[in-house]
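Engineer: I would like the atomic coordinates for the input below:
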Amino acid sequence: MKIKLFVMDVDGTLTDGHIYYGDNGEMFKAFHVRDGYAIAHIFPKYGIVPVIITGKSSQIVANRARELKITEVYQGISDKISKLTEIADKYGVTSAEIAYIGDDVNDLDCIAHCGLTACPADALDEVIPKVDYVCRNNGGRGAVREFADYVIRKFFTEQ
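Structural biologist: Predicted coordinates for the structure are as follows:
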């Protein structure tokens, strides 16, 4: 069985969790280039569909997703597990074929549901013992790339 969906939280996972505001109220978030490379260049080689499910809504996330050609982007989602199962049904995948990375308690239902799970090194203490893989990198600091590389090694290159 191979991973077919790679589902990501945003704040604290694809970003470091900080939200910066400028003098005029503009919001800023930082994304790591290595995470973006995995999403845009590595996943397509293996037929992995990247998915974002996040509790907040932000034009910044929409812009980043568009840049990385992520078409499955769901923002403002309070019930992440319902959205996850809806997406799995859409693609006809089982929970065993889904990798999930998140950092907070609102990710725990999805973590319990998916076949392979991870969190950034700086995830909440409640999350760390629930995942299969704890990244060495923090959220927004290459954790998504690290987990992506782990998925590729585990499911696509092992003999």
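Engineer: When you work out contacts or count neighbours from here on, use the C-alpha atoms and nothing else.
Structural biologist: OK.
Engineer: so residue 126 sits in a strand?
Structural biologist: No - counting by DSSP: H, G, I helix; E, B strand; the rest coil, residue 126 is located in no strand; its state is coil.
Engineer: So it sits against residue 107, correct?
Structural biologist: No - taking contacts as Cα atoms under 8 Å, residue 126 lies outside contact range of residue 107: 10.5 Å.
Engineer: Strands of the protein, start to end?
Structural biologist: With DSSP state E as the criterion, the chain has strands at 5-8, 20-21, 27-28, 49-53, 72-74, 98-101, 116-119, 133-134.
Engineer: Go through those strands and name the closest to residue 82.
Structural biologist: Smallest distance to residue 82 across the strands of the chain (Cα to Cα): 10.6 Å, for strand 49-53.
Engineer: which residues are contacting the closest one?
Structural biologist: 4-10, 39, 43, 70-75, 77, 80, 83-84 (Cα atoms under 8 Å, 6 or more residues apart in numbering).
Engineer: ChimeraX command to pick out the buried ones of those residues?
Structural biologist: Restricted to buried positions by 16 or more other Cα atoms under 10 Å, the ChimeraX selection for these reads:
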select :4,5,6,7,8,9,10,39,43,70,73,74,75,80,84
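Engineer: Who are the packing partners of the lengthiest helix in the chain?
Structural biologist: Ranked by residue count and defined by DSSP state H, the top helix of the chain is helix 80-91. Helix 80-91 sits against strand 49-53, helix 108-113, with contacts defined as 3 or more Cα pairs under 8 Å, 6 or more residues apart in numbering; DSSP states H and E.
Engineer: Mind checking which of residue 126 and residue 107 has more residues around it?
Structural biologist: Just comparing residue 126 and residue 107: by other Cα atoms under 10 Å the higher neighbour count belongs to residue 107, 22 against 11.
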